[in-house]
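J.: Provided below for reference: sequence and predicted model.
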Amino acid sequence: MPLLYHENPEVIYLAAHTISQIKPNQFALEAVMQAIHDPVNKNKNGALVEALSGFDISAHFVDIFKLYLLGNFKVSAMARLLLDFEEFDIVPRTVRKAEKHLKHFEHNMPNDSQSDVKRAEANVILSELRSLFD
């Protein structure tokens, strides 16, 4: 899907939004996820993350959590919305994987208030998920 890598961010947004509205669209989810993580789209992937709301991402909690932790401002904000409002298939292994990404974030994060807020919010999310399995 070459339009997901277009140089114009508006074209990327329109392509991702259009794909997310096609039903069934699960065939395209992997391509959208690859485009999100591709370094070529590093500063243009917020629109791609936004489009994930049109897909069944229930099996992608860890990917979305990682985008929340490590993404730029828009990516992080869009990932947080997905974490708050989408349904995910959560098992104990999912929580452990997310905890691993949080530890990586904590060891590599800059010492600033934005990172502190993100760490606190991520700990709340994981704490609530851990309580499901107690």
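T.: Nice, thanks for sending it over.
J.: tell me which residues of the top helix by length along the chain are tucked away?
T.: Across the chain, the longest stretch assigned as helix under DSSP state H is helix 113-131. The neighbour-count check on helix 113-131 (16 or more other CB atoms under 10 Å) flags Lys118, Ala122, Ile125, Leu126, Leu129 as buried. C-beta: built from backbone N, CA, C; applies to glycine.
J.: hmm, who's touching that helix?
T.: 65, 68-69, 76, 80, 83, 90, 94-95, 98-99, 102, 105-106, 109 (CB atoms under 8 Å, 6 or more residues apart in numbering).
J.: mind listing which of those are in strands?
T.: Assigned to strands by DSSP state E, none of the contacts of helix 113-131 qualify.
J.: before we move on, the earlier item: out of the buried residues of helix 113-131, which is nearest to Gln21?
T.: The shortest approach to Gln21 among these belongs to Ile125, at 28.1 Å (CB to CB).
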